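Asker: Okay, here's the prediction I keep looking at, along with the sequence it came from:
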Amino acid sequence: MGTQSRPADGAMALAEMKEFASFAAATQRYIRRSLDVGLERQDALGRWSRDVVEAASIRAQTRVYGRLDSLRAIVPDDSGLDAIEPFMAPLVTISAFDLGQDRLCSFGAYRFLYERLLGAPVRPWLPGAFCAAAALPHLHPDRRRALLQSISEAAATAAGWSAREPSFYPEWVEKVDTRLAN
């Protein structure tokens, strides 16, 4: 008689979907947009820009996210100080950009996005990058406080992290007129 040592992939995907559904609509939209930009899934500018301000934001995000490919290649596998600087400095910069967009309102939303942008190996580095970016002076003091209070003690002091890759990557969904479906 065998037992399963990990939850079924479907159960994990469902848990990830529930977590995504718990985020505010603006956060969900920003995560989907960011994944389109960072994973080069779609024409993010054509799909997500509603006005010139948002178009400029997406262009800036595209430039900032240009470093993601090189970051994916250098995620440190240990805590050796020589491996941290070339990785953490750009990660904090990209994180500061995203937090400055005022759409990621918690560590949970930030972690959800960055696990998908950079993969499971980045998990140990996310609390430090988040705290560093959230403490930068480009954010209003009230925003800094709210962001820093959103990270739990358990997340900040975790002894270990899962190596399981995320299974749910939210995408654009076209609106459906339910009146026509009946």
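Answerer: Thanks, I have it. Numbers count the residues shown, from 1 in each chain.
Asker: Give me the three-state assignment for the residue nearest the centre of the chain.
Answerer: Centroid-nearest residue in the chain: Leu113, 1.6 Å away (criterion: Cα atoms, centre = their mean). Assigned with DSSP: H, G, I helix; E, B strand; the rest coil, Leu113 falls in the helix class.
Asker: residues in contact with it?
Answerer: Ile31, Ser34, Leu35, Asp98, Leu104 (Cβ atoms under 8 Å, 6 or more residues apart in numbering). C-beta here means a position set from N, CA and C on the backbone, and glycine is covered the same way.
Asker: May I ask you to confirm that the second one is in contact with Gln61?
Answerer: Yes - using Cβ atoms under 8 Å, Ser34 is in contact with Gln61, at 7.0 Å.
Asker: distance of the residue nearest to the centre of the chain from Glu85?
Answerer: 23 Å (Cβ to Cβ, to the nearest Å).
Asker: tell me the SS of Gly46?
Answerer: Strictly by three-state DSSP, Gly46 counts as helix.
Asker: tally of neighbours for it?
Answerer: 10 (other Cβ atoms under 10 Å).
Asker: Next: Ala24.
Answerer: Ala24: 12 neighbours (other Cβ under 10 Å).
Asker: Also Trp161?
Answerer: Residues near Trp161, counting by other Cβ under 10 Å, number 16.
Asker: Apart from its chain neighbours, what residue comes closest to it?
Answerer: With sequence-adjacent residues excluded and distances taken as Cβ to Cβ, 6 or more residues apart in numbering, Trp161 is closest to Arg123, at 3.9 Å.
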